[in-house]
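Novice: have a look at this prediction, sequence included:
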Amino acid sequence: MSFQEKTDQELVHLYIKGTELALSELISRHKSRIYTSIYLLVKDEYLAEDIFQDTFIKVIRTLKAGKYNEEGKFLPWVLRIGHNLVIDHFRKEKRNPTITNSDGFDIFDVLGIHDESIEEKMVKQQTHDDLKKLIHYLPSEQKEVLIMRHYGDLSFKEIADLTNVSINTALGRMRYALNNLRKMMTNKELILKAS
Amino acid sequence: MMETLTPTLNSIVNNDEKSQNTVNMLTIEDSVFFESLKPALNQLVKTPSDETVNRILAFSKSL
């Protein structure tokens, strides 16, 4: 069985036993979800890289020390570590992530849109750009839930555990996030099209 | 005895499942809206640099 066919848990076991390639597969499998979750919270590419790296350094130390809790799933566990490091960062900086300026990086620069006119491309890019801004306007606790739910694919139970709130609070924050996005999109007359 | 016990256990399980489903569900309106957002949210996905990933792997090997 190749590494790609193994479960996270099997890869963790292999890594603990000394198979370094298992860690490479785990990172490859989850790096986008983890990195995007961090990036959308801190809105700074370089800071997100640093926190992503620190997250995995903690993961590695914990695994190699034999302290990994077998009951938990790997991805929610890593997301929790990353989330805590983001909180630590903002505590240190004493600034609110919702009012931080963007670093100017635009993910849509790398979008491969080939079958559309220039006008369509511009409209789509503007729409996605607007959505990204609207997400950043959300209060941090609502943004967290939206990001964890979508990019982390976490259940509301897992989000609740991760953010130390009740399940109903996590669910309520998601509803507020969606309601706020809907209102802001209505105000901006923003219409999303499926790609 | 069985007639009493079985419905009781089923009731507990069903109530648990119902409770889990309730707390894990959004309203239909919210769910539809969230689904409509997903393609755009997916466009926001990005990955860390290879350099960062390589540093992590090098750190692991160094231990």
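Specialist: Everything's here; your move.
Novice: report all helices and strands that the one helix or strand A:K183 maps to contacts.
Specialist: A:K183 belongs to helix A:167-188 when assigned by DSSP states H and E. The elements that helix A:167-188 packs onto, with contact taken as 3 or more CB pairs under 8 Å, 6 or more residues apart in numbering or on different chains; DSSP states H and E, are helix A:118-137, helix A:140-150, helix A:156-163, helix B:2-23, helix B:28-42. Bear in mind the C-beta positions are built from the backbone N, C-alpha and C, glycine included.
Novice: by mean pLDDT, show me the worst of those.
Specialist: Ranked by mean pLDDT, those bottom out at helix B:2-23, with a mean of 46.
Novice: wait, B:V53 touches A:S32, no?
Specialist: No: contact between B:V53 and A:S32 fails when scored by CB atoms under 8 Å: they sit 11.3 Å apart.
Novice: so between the two, which is more surrounded?
Specialist: Using other CB atoms under 10 Å in any protein chain shown, the more surrounded residue of B:V53 and A:S32 is B:V53, with 20 against 14.
Novice: ok, which residues in chain B are in contact with chain A?
Specialist: Contact residues, chain B versus chain A (CB under 8 Å from any CB of the partner chain): B:20, B:23-24, B:26-27, B:30, B:33-34, B:36-49, B:52-53, B:55-57, B:59-61, B:63.
Novice: need the three-state assignment for the spatially most central residue of chain A.
Specialist: Nearest residue to the geometric centre of chain A (CA atoms, centre = their mean): A:S37, 1.3 Å. Using DSSP: H, G, I helix; E, B strand; the rest coil, the secondary structure recorded for A:S37 is helix.
Novice: need the contact list for it.
Specialist: The contact partners of A:S37, taken as CB atoms under 8 Å, 6 or more residues apart in numbering or on different chains, are A:79, A:82-83, A:147-148, A:151-152.
Novice: what of B:L44?
Specialist: Contacts for B:L44 (CB under 8 Å, 6+ apart) come out as A:36, A:40, A:107, A:128, A:131-132, A:135.
Novice: which one of these is nearest A:K64?
Specialist: Of all those, A:T36 has the smallest distance to A:K64: 26.3 Å, by CB to CB.
Novice: the closest one and chain B, how far apart?
Specialist: 5 Å (CB to the nearest CB, to the nearest Å).
Novice: what distance do you get for that residue to A:L79?
Specialist: Per CB to CB, to the nearest Å, A:T36 is found 11 Å from A:L79.
Novice: for A:R149, same thing?
Specialist: Look at A:R149 and A:L79: by CB to CB, they are 11 Å apart.
Novice: looking at these two, which is more packed in?
Specialist: A:L79 (26 against 22).
Novice: where's the more buried one, which helix or strand?
Specialist: helix A:74-93.
Novice: pull out the buried positions in that helix.
Specialist: For helix A:74-93, the neighbour count (16 or more other CB atoms under 10 Å in any protein chain shown) marks A:74-83, A:85-86, A:89 as buried.
Novice: how far away from the center of its chain is that helix?
Specialist: The chain centroid and the centroid of helix A:74-93 are separated by 11 Å under CA atoms, centre = their mean, to the nearest Å.
Novice: who are the packing partners of it?
Specialist: Applying 3+ CB pairs under 8 Å, 6+ apart, we find helix A:74-93 packed against helix A:8-16, helix A:20-42, helix A:45-64, helix A:140-150, helix A:156-163.
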